[in-house]
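Colleague: Quick one, structure for this:
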Amino acid sequence: MEIALLVLLPLLIWAVLLYNKLISDKNHVLAAWSDIDVQLKRRHDLIPKLVQAVQAYADYEQTTLTHITHLRQTASATSETGERERMESALSEQVRSLLLIAEAYPELKAGDQFLDLLAQLSDVENHIQYARRYYNGSVRNYNVRLESFPDLLIARGFHFTPARFFELESVVESDPPEIH
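Modeller: Modelled structure (predicted):
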């Protein structure tokens, strides 16, 4: 009985430690996703101001402006990670289109409000890029732990599932929007 206890106790302690590390890594992934979410919210808050600034100069580009507004609302309402990634990718492409439209209006590009919005957007896009990088690093660490022996024994026993990377939908997204 004592021998069995001496063998089982270290195994139980080992299993608890591995389980706690898995939980820790899982929570790092969740926290990293939360960081991305905060930055996306910041971008979503800037978009209506940017649309409004461009709209004053580019009335005939109404379909682009309407599409951006619709994508922003849809992305904000989406909670599933994969769908959110797709919506954010489409939104990024539309913001690029908006910035290209703005290039055609020198008086808009010279306006202080527009320049301030561009600076804020550039800052947010950089923070999104950093948050994505941190998130993907957390996902990598977590997924490696799930697939590594002996951690996989505990992970499978408690039904841990791999996390999804935040991937870019298009090659265009790998470059932040050009802001002049």
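
Colleague: With adjacent residues omitted, what lies nearest to residue 94?
Modeller: Distance criterion CB to CB, 6 or more residues apart in numbering; nearest residue to residue 94, sequence neighbours excluded, is residue 68 at 4.5 Å. C-beta coordinates here come from the backbone N, C-alpha and C atoms, glycine included.

Colleague: Output the contacting helices and strands for the helix or strand hosting the one you found.
Modeller: Taking DSSP states H and E as the definition, residue 68 sits inside helix 62-77. Secondary-structure packing of helix 62-77 (3 or more CB pairs under 8 Å, 6 or more residues apart in numbering; DSSP states H and E): helix 2-55, helix 81-103.

Colleague: Can you tell me the centre-most residue of this protein?
Modeller: residue 36 (3.9 Å; CA atoms, centre = their mean).

Colleague: surely it meets residue 130?
Modeller: No: counting by CB atoms under 8 Å, residue 36 does not reach residue 130; the two are 9.6 Å apart.

Colleague: still on that earlier bit, what sits against the residue nearest to residue 94?
Modeller: For residue 68, the contact set (CB atoms under 8 Å, 6 or more residues apart in numbering) comprises 47, 51, 91, 94, 95, 97, 98.

Colleague: Distance check, it against residue 145.
Modeller: Distance of residue 68 to residue 145, given as CB to CB, to the nearest Å: 39 Å.

Colleague: Distance check, the residue of the chain most remote from its centre against residue 129.
Modeller: For the chain, the largest distance from the centre (CA atoms, centre = their mean) belongs to residue 1, which lies 52.8 Å off. For residue 1, the distance to residue 129 equals 59 Å [CB to CB].

Colleague: likewise residue 64?
Modeller: Taking CB to CB, one finds residue 64 at 24 Å from residue 129.

Colleague: Give me the more crowded residue out of these two.
Modeller: Each of residue 64 and residue 129 has its neighbours counted (other CB atoms under 10 Å); residue 64 has more, 18 against 14.

Colleague: just checking, that one touches residue 97?
Modeller: Yes: using CB under 8 Å, residue 64 is in contact with residue 97, at 5.6 Å.

Colleague: thinking again about what came up before, quick check: the residue farthest from the centre of the chain vs residue 56, distance?
Modeller: 83 Å.

Colleague: next one: residue 84
Modeller: For residue 84, the distance to residue 56 - CB to CB - is 31 Å.

Colleague: low-confidence ranges in the chain?
Modeller: 58-61, 168-180 (pLDDT under 70).

Colleague: Can you point out the helix or strand that includes residue 133?
Modeller: Going by DSSP H and E, residue 133 is part of helix 112-147.
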